[in-house]
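Peer 1: got a predicted structure plus its sequence, pasted below:
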Amino acid sequence: MASLKIPASVPSPAEDSEQLRKAFAVLFVRTRGSNGEFLMSIGRNGNDHHLIFAGWGTNEALVIKVLVHRNAEQRKLIRETYAATFGKDLLKDLEREVSGDFERALLLWTLCPAERDALLVNEATKMLTASNWIIMEIACTRSSHDLFMVRQAYHSRYKRSIEEDVAYHTTGDFRKLLVPLVSSFRYEGDEVNMTLAKSEAKILHEKISDKAYNDEELIRILSTRSKSQLNATLNHYNNQFGNSINKDLKTDPTNEYLTFLRRIIKCLTCPEKYFEKVLRYVIKGLGTDERALTRVVTTRAEVDMERIKEEYQRRNSVPLDRAIAGDTSGDYEKVLLALIGHGDA
Amino acid sequence: ISIYELELESNVAGLGIEESSLISILGKWHPEQKQSFRKGTRDFFTEDDRLFERWDERHIAQLQHEFLRFKNAMVLWTMHPWERDARLAKEALRKGQQAYGVLVEIACTRSSEELLGARRAYHSLFDHSIEEDVAVHVPGIERNLLVALVSSYRYEGPRVHEETARSEAKILHNAFKASDKKKPIEDEEVVRILTTRSKLHIKAISTHYKEFSSSDITEDLDTGFLLKQTLQCLYTPETYFSTVLDSALKDGADETTRETLTRVIVTEANNVDMKAIKEEYHQKYGVDLSEKINGVANGNYRDFLLTLVARGG
């Protein structure tokens, strides 16, 4: 369930664009007075002193107010109206006027989900090895339909296919898994074949016992079967062999590839638990991926953030908003909290 | 009577049935003529020990194929292209290795959107994804190639990075030259390039390939039928289709090969490609495609095919 909160009566895209423009317009005109103090001109509310004392906070709050409490369709309309009315790209204006983690959160949020995922994957292909996780996360936690929209958005934005970039920038066993994962178009129905579940659980168990972790059959099962079928297979695995598959894959905690396999399985079968763990590590400072917090919040706010929050509370005995508030500050904190549903629309 | 024998034989040897002539001839036969036909054509009828001439089963099966050609063509033609491709793929998987070429054909000659449509239809029709079925049915090294091909969603825009195309041409050249030590289909880079790069990029690679080799890229790739077909379908689909059509129209082709005639004509009739295919066919075999079909096919089936071929302009 999404944590996104939208006001009961939503202003029109034209009104929203106007508000955003106002928020930026004040930021544009920053001049220093004769005494070196910042002056806000244009007499927006006729009271320059008030604005000086208020500082920048007012304006960021306005930006958050307009953008954060709108769904993907509404944000798209705002971007279009903004461009039509002011002849400017909202995203470029955002980039120019805000900075740091706050900027990135707003930027990612404003994009529609398919473009956002395409951007994240493209970034990931250019980074070093830590980025394999991001590509995997997107490939495994999106629905077949959404993953396909990402592939289309990738064509438009980068003039290449997602699979050619992922293939080109990855090697070895990681490539063997990532390319099929990113190209999959899994059957999304509930039809499950229990005989198949039994036989494929057996195959998985064999390969794992033989430590043949990059075996073709193992990769085939993980990268092509539908999520319901995989669930059935893994349940059967647990019933039949006594351990969950992830437990059996924990034989060597330093092996990156094994960790990769376990995460894939987690993403495919219980994404909320996967995301809870990512958040937990980031907040505790154990993860190396600081931008993970922004990524998880902006990509899940419209999908299943409520479930992730429940999972977080259950696992850490602390509500997620309190944990985030403790770990972040300023406008960045405000936008994250608003996205996870803290406070009102 | 021998005239009728020839008539029936030519009907069986060719593709499809000359319905009108059969009606006019057979419709007039008296019982004695039918009897002497049965006694005279040893091929179609055998003397049974209970003293009657029975139809040979194989020939009935053959006739059945011929009579059904028109129906199959019509059904395939009116089917939604996505359903058609999904069903063709499923059928290919059922037939096994000899039919894998169909998977390559579908994956490489359709546009990215058409291939996606086929994948959607596959979900509806068979409650599985196409890639999981391909993965399960295709063993060994060919699995990687085929799964990757049916999962591709190639970029279709105009932008090509020439430097990358050149370096990838070199990679392919080295891999093809070393084919006696390592089969190109086992080379990950070869598979990566052919299964993910856009068609324009592959054309660019073929152009750059000439810097490294005096022969054309498809000539250098000798071993591995599937890989060669992949390259042909991506780079020169007209050549691929002409070759397939020629095999289908040859004398003595088996039933599977003969069926490809319907598949190719029905699939390509709407495409811009049909014109290119006709030109290529003419150039390669010195004969007009329509003329050849006219000579080899019969009846309604022939007329239907000729109409479809003529649409391409």
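Peer 2: Yes, it's here. Values in this document were obtained by computation on a predicted structure and should not be read as measured data. Numbering: from 1, shown residues only, chains lettered A, B, ... in the order given.
Peer 1: go ahead and confirm B:L234 touches B:I202.
Peer 2: Yes - taking CB atoms under 8 Å as the contact criterion, B:L234 and B:I202 are neighbours in contact, 5.0 Å apart. The C-beta positions use only the backbone N, C-alpha and C, and glycine is treated the same way.
Peer 1: what residues are shared contacts of these two?
Peer 2: Taking CB atoms under 8 Å, 6 or more residues apart in numbering or on different chains as the contact criterion, the residues that touch both B:L234 and B:I202 are B:L194.
Peer 1: end to end on stretch A:282-294, go ahead and measure it.
Peer 2: Using CA to CA, to the nearest Å, the gap from the first to the last residue of stretch A:282-294 comes to 10 Å.
Peer 1: who in chain A is up against chain B?
Peer 2: For chain A, the residues found near chain B under the criterion CB under 8 Å from any CB of the partner chain are A:148, A:151-152, A:155, A:159-164, A:167-168, A:175, A:179-180, A:183-189, A:191, A:216, A:220, A:223-226.
Peer 1: quick one: the strands in the chain?
Peer 2: As the question left the chain open, I've gone with chain A. A:30-32, A:38-40 (DSSP state E).
Peer 1: my question was about chain B, not that one.
Peer 2: Ranges of strands within chain B are B:45-47, B:53-55, based on DSSP E.
Peer 1: domains in chain A, by residue range?
Peer 2: With domains defined by automatic domain parsing, chain A comprises A:13-98, A:113-183, A:194-269, A:271-339.
Peer 1: run through chain A and note the low-pLDDT ranges.
Peer 2: Counting by pLDDT under 70, chain A shows low-confidence ranges at A:25-58, A:129-130, A:286-290, A:345.
Peer 1: isn't A:H155 right up against B:R159?
Peer 2: No - shown here, A:H155 and B:R159 do not form a contact pair, counting by CB under 8 Å, at 10.3 Å.
Peer 1: those two - which one has more neighbours?
Peer 2: Legend: neighbour count by other CB atoms under 10 Å in any protein chain shown for A:H155 and B:R159, higher for A:H155 (19 against 11).
Peer 1: what sits against the nearest residue to the more buried one once chain neighbours are set aside?
Peer 2: In space, and not counting its chain neighbours, A:H155 is closest to B:Y155: 5.1 Å by CB to CB, 6 or more residues apart in numbering or on different chains. Listed by CB under 8 Å, 6+ apart, the contact set of B:Y155 reads A:155, A:159-161, A:164, B:112, B:198, B:201.
Peer 1: return the subset of the residues you listed lying in helices.
Peer 2: A:155, A:164, B:112, B:201 (DSSP state H).
Peer 1: check contacts around the second one.
Peer 2: Residues in contact with A:E164 (CB under 8 Å, 6+ apart) are B:154-155, B:196-198.
Peer 1: can you lay out the residues you listed as a markdown table showing distance to A:Q313 and pLDDT?
Peer 2: Output for those, formatted as a markdown table (distance: CB to CB, whole Å; pLDDT from 0 to 100):
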| residue | distance to A:Q313 | pLDDT |
| --- | --- | --- |
| B:R154 | 45 | 96 |
| B:Y155 | 43 | 95 |
| B:T196 | 42 | 95 |
| B:R197 | 47 | 96 |
| B:S198 | 47 | 96 |
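Peer 1: was I right to think A:Y187 contacts B:D133?
Peer 2: No - at 9.8 Å, A:Y187 and B:D133 do not qualify as touching, with contact defined as CB under 8 Å.
Peer 1: those two: which has the busier surroundings?
Peer 2: Set side by side, A:Y187 and B:D133 give different neighbour counts by other CB under 10 Å, the larger being at A:Y187 (26 against 20).
Peer 1: grab the nearest non-local neighbour of that one.
Peer 2: Distance criterion CB to CB, 6+ apart; nearest residue to A:Y187, sequence neighbours excluded, is A:S226 at 4.2 Å.
Peer 1: also B:I171?
Peer 2: B:I171's closest residue in space is B:E189 (CB to CB, 6+ apart), at 5.3 Å.
Peer 1: number of residues surrounding the one you found?
Peer 2: A total of 15 residues lie near B:E189 under the criterion other CB under 10 Å.
Peer 1: I'd guessed it sits against B:A175; true?
Peer 2: Yes - counting by CB under 8 Å, B:E189 sits close enough to B:A175 to count as a contact (6.8 Å).
Peer 1: okay, the residue nearest the centre of chain B and chain A: tell me how far apart.
Peer 2: When chain B is reduced to its mean C-alpha position, the closest residue under CA atoms, centre = their mean turns out to be B:T260, at 3.9 Å. Note on B:T260: its distance to chain A, by CB to the nearest CB, to the nearest Å, is 27 Å.
Peer 1: quick one: pLDDT of the closest residue to that residue other than its chain neighbours?
Peer 2: Counting by CB to CB, 6+ apart, the nearest residue to B:T260 once its immediate chain neighbours are dropped is B:A248, at 4.7 Å. The confidence metric pLDDT takes the value 91 at B:A248.
Peer 1: separation between B:H123 and B:R154?
Peer 2: Using CB to CB, to the nearest Å, B:H123 is found at 21 Å from B:R154.
Peer 1: hmm, I was thinking of B:S214
Peer 2: Note on B:S214: its distance to B:R154, by CB to CB, is 29 Å.
Peer 1: I'd say the residue nearest to B:T260 and B:T256 touch.
Peer 2: No - taking CB under 8 Å as the contact criterion, B:A248 and B:T256 are not neighbours in contact, 9.6 Å apart.
Peer 1: looking at these two, which has the bigger crowd around it?
Peer 2: Set B:A248 next to B:T256 and count neighbours by other CB under 10 Å: B:A248 wins out with 21 against 12.
Peer 1: contacting residues for that one?
Peer 2: Neighbour list for B:A248: B:257-261, B:264 [criterion: CB under 8 Å, 6+ apart].
Peer 1: so which of these comes closest to chain A?
Peer 2: Among these, B:V264 lies closest to chain A (CB to the nearest CB), at 25.9 Å.
Peer 1: wait, the closest one touches B:L245, no?
Peer 2: Yes - assessed by CB under 8 Å, B:V264 is found in contact with B:L245 at 5.8 Å.
Peer 1: who has more neighbours, those two?
Peer 2: More neighbours sit around B:L245 than around the other of B:V264 and B:L245, counting by other CB under 10 Å; the figures are 25 against 20.
Peer 1: still on that earlier bit, ok, B:S214 and B:R154, which is more surrounded?
Peer 2: It is B:R154, of B:S214 and B:R154, that has more neighbours when counted by other CB under 10 Å, with 23 against 7.
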